[in-house]
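Peer 1: just the structure for this:
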Amino acid sequence: MHPLPFNRRQAVVAVAAGLCASAWGAGPQDAYPTKPITLVVPQAAGGANDAIARVLAQRLTEQMGQSVVVDNRPGAGGMLATAATARARNDGYTLLVTSDSAHVVGPALYKNPGFDPLKDFEPVAPIATAGYVLVAHPSFPARSVAELVALAKAQPGHYTIASAGNGTLNHLIGEMLQKAAGIRLLHIPYKGSAAAATDVVGGQVPLSVQSLPSSIAFIKAGKLKVLGVVNPRRVAVLPDVPTIGETLQGFGEAPWYAMFAPAGTPAPVVARLQAEVARALEQKDVVDKLASVGCEPFGGTSAQLKTLVQTDLPKWARVVKDTGATVD
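Peer 2: Below is the predicted model of the structure:
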């Protein structure tokens, strides 16, 4: 699944808006929304999911005439907040803006995640993809992925790597990196990506996989150096930085973020939200704000998002099995 081209996204807006108009029967749903909408983000403030949700919330507030607020609820790799949102009232006023790590990776890592990503949610719309990078403290001797691999092979288990927590995407990407390179690093989980980035900046931990929203300010200030880009292709904000895949052939991930509603949310509400998200992603200020933190719109329909979830669940289950990643 790829971001829809401009004219197709416009078509999505028109089709979804038309669905809203035709499916909206008389009754209390007519005026939706009539009160503030909460976007539950199952990660701490300061990471990619938080940054993307806040850009979207601001624009949706302007478009929909009601406050759209972000509610950060970190914990257990996003499992706790995701499960709680699945049990929220399915009236369109409590929504989930989440990452692939919480929605399709977590269920493979946790024996009892507390939710079924397919049965417990109505897919609304994809929102964005984020740039991810392997960063190091400026004093770290390696200047590239190849040099890191050489160091780590010389001293297996000696170097530590910080993540946003057990079961998070940057934890899994770190495990995938070790598997692909044939190296062993010591994983240090933190309570959020911002905390992990701060300790790498402070020199407590030498390495971390970070989203660009959580690390770009440190990178630009020279407080973190980038060893490689996680995404399959180079990112616009760091055009001269090679991808990890340029050194380790076949390596690459493009983390995605999307909106879901609790199962049973009325179809007209889902259609209205899909149309509003598509409309927001067409706005230049939204595109520019996402680009400034290393993200880009990832437009699409609820049906496409459902397909993406169905495809990614078995993919990440294989990654978890192959890397031996655990949340212990």
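Peer 1: dihedrals phi and psi, the one residue sitting closest to the centre of the chain?
Peer 2: Closest to where the C-alpha atoms of the chain average out (Cα atoms, centre = their mean) is Ser99, at 3.3 Å. For Ser99, the backbone dihedrals (degrees, to the nearest 10) come out as phi -100, psi 160.
Peer 1: what mean pLDDT does the helix ranked longest in the chain have?
Peer 2: When every helix of the chain is counted residue by residue (DSSP state H), the longest turns out to be helix 302-323. For helix 302-323, mean pLDDT is 94.
Peer 1: what segments of the stretch 151-300 of the chain are helices?
Peer 2: Listed in chain order, the helices found in the stretch 151-300 of the chain under DSSP state H, counting those that start in this stretch are 169-181, 193-201, 212-220, 267-281, 284-292.
Peer 1: CA-only coordinates of stretch 235-247 in PDB, if you can.
Peer 2: C-alpha atoms of stretch 235-247 as PDB (Å, rounded to 0.1, in the frame of the first residue of the first chain):
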ATOM      1  CA  VAL A 235      14.300  10.800   3.600                       C
ATOM      2  CA  ALA A 236      13.800  14.300   2.300                       C
ATOM      3  CA  VAL A 237      15.000  16.000   5.500                       C
ATOM      4  CA  LEU A 238      18.300  14.100   5.500                       C
ATOM      5  CA  PRO A 239      19.000  13.600   1.800                       C
ATOM      6  CA  ASP A 240      22.700  12.900   2.200                       C
ATOM      7  CA  VAL A 241      22.300  10.200   4.800                       C
ATOM      8  CA  PRO A 242      22.400   6.600   3.400                       C
ATOM      9  CA  THR A 243      19.800   4.000   4.200                       C
ATOM     10  CA  ILE A 244      20.700   1.000   6.300                       C
ATOM     11  CA  GLY A 245      19.700  -1.000   3.300                       C
ATOM     12  CA  GLU A 246      22.500   0.500   1.300                       C
ATOM     13  CA  THR A 247      24.800  -1.500   3.600                       C
END
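Peer 1: can you give me the buried ones in that stretch?
Peer 2: Of the residues in stretch 235-247, those scored as buried under the neighbour-count criterion (16 or more other Cβ atoms under 10 Å) are 235, 237-238, 241-247. No exception for glycine: its C-beta is placed from N, CA and C like everyone else's.
Peer 1: likewise stretch 89-104?
Peer 2: Residues of stretch 89-104 classed as buried by neighbour count (16+ other Cβ under 10 Å): 90-104.
Peer 1: what's the most distant pair in those?
Peer 2: Farthest apart among the buried residues of stretch 89-104 by Cβ to Cβ are Asp91 and Ser101. That separation is 27.1 Å.
Peer 1: for Ala195, give me its contacts.
Peer 2: Ala195 makes contact with 44, 164 under the criterion Cβ atoms under 8 Å, 6 or more residues apart in numbering.
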